[in-house]
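K.L.:
missing the sequence, but the structure's below:
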């Protein structure tokens with residue numbers, strides 16, 4: 001007697017987790033949708049294409065799967081900052097950016113930070129971050145821009161890009177090493193990362209990058 005088919009949401013989750021792991025390990029451009037289906041244990045290797053249509057939609061599904069929790073934690077952090085009156089301080093905004101992301105590495109079998117590190121360096125895939133689960137990320141980014149409005153725009157863009165690489169690759173390294181953090185008690189490396197990120201953003205300017 002054949003076993004019953006898995007519910008569609010279970011299949012989608014297995015595909016998302018398989019894609020996250022493969023993209024993190026090998027790079028987004030090096031993995032096909034058929035390989036994702038096979039890694040997710042699907043006898044029909046076209047399952048990823050059936051559920052998501054294309055790789056770009058699968059990537060957005062990974063973001064949505066992971067960012068719901070991160071977004072909730074970050075919004076709570078931002079709300080607490082407003083109550084404390086620190087909502088316009090770079091250090092507080094960076095804590096809101098880094099702490100929930102670092103906490104995501106404590107999820108079982110998480111490859112999310114390593115996936116993000118791969119995504120951030122692949123010019124073929126970009127996102128506008130305009131969906132609901134990215135609300136807190138947009139608030140942090142807009143807040144940092146307000147804090148650093150005195151910088152020339154080319155300098156600000158360059159530093160925000162460096163910030164992205166610093167944070168994503170550092171969190172990815174600690175995820176790979178099995179050194180998780182938590183939202184309420186960030187690991188020491190998280191505090192050090194926030195300090196380094198603040199120093200990067202607020203360093204004095206000695207030369208102006210070309211537009």
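P.N.:
Yep, that arrived. Just so it is clear, the structure is predicted and the values come from calculations on it, not from any experiment. Numbering: from 1, shown residues only.

K.L.:
how many neighbours does residue 152 have?
P.N.:
Each residue near residue 152 was counted by other Cβ atoms under 10 Å, and the total is 12. C-betas here are computed from N, CA, C, even on glycine.

K.L.:
count the neighbours of residue 96 for me.
P.N.:
Residue 96 is surrounded by 26 other residues when neighbours are defined as other Cβ under 10 Å.

K.L.:
for residue 64, give its distance to residue 71.
P.N.:
In this structure, residue 64 lies at 10 Å from residue 71, with Cβ to Cβ, to the nearest Å as the measure.

K.L.:
list residues touching both of these two?
P.N.:
Among the neighbours of residue 64, those also in contact with residue 71 (Cβ atoms under 8 Å, 6 or more residues apart in numbering) are residue 133.

K.L.:
between the two, tell me which one has more neighbours.
P.N.:
Of the pair residue 64 and residue 71, residue 71 is the one with more neighbours under other Cβ under 10 Å, namely 20 against 15.

K.L.:
got the contact list for the more buried one?
P.N.:
Contacts here follow Cβ under 8 Å, 6+ apart; on that basis residue 71 touches 100, 132, 133, 134, 135, 136, 137.

K.L.:
among those, name the ones in helices.
P.N.:
100, 135, 136, 137 (DSSP state H).

K.L.:
name the residues of stretch 102-120 that come out as buried.
P.N.:
Using 16 or more other Cβ atoms under 10 Å as the burial criterion, the residues of stretch 102-120 that qualify are 102-105, 110-120.

K.L.:
mind listing the helices for this protein?
P.N.:
Secondary structure of the chain by DSSP H: the helices cover 8-26, 33-39, 47-52, 55-84, 90-103, 112-120, 135-147, 153-176, 188-202.

K.L.:
can you get me the start-to-end distance on stretch 109-124?
P.N.:
26 Å (Cα to Cα, to the nearest Å).

K.L.:
please apply the same query to stretch 39-48.
P.N.:
From the first residue to the last, stretch 39-48 extends over 10 Å; the measure is Cα to Cα.

K.L.:
what is the distance between that stretch and the centre of its chain?
P.N.:
Computed by Cα atoms, centre = their mean, to the nearest Å, the chain-centroid distance of stretch 39-48 equals 25 Å.

K.L.:
got the contact list for that stretch?
P.N.:
Outside stretch 39-48, the residues that touch it by Cβ under 8 Å, 6+ apart are 11, 14-15, 17-19, 21-22, 33-38, 50, 58.

K.L.:
these: which two are farthest apart?
P.N.:
21 and 50 (19.8 Å; Cβ to Cβ).

K.L.:
between those two, which one's more packed in?
P.N.:
With neighbours defined as other Cβ under 10 Å, residue 21 and residue 50 compare such that residue 21 has more, 20 against 14.

K.L.:
show me what contacts the more buried one?
P.N.:
When the contact criterion is Cβ under 8 Å, 6+ apart, the partners of residue 21 are 39, 109, 111.
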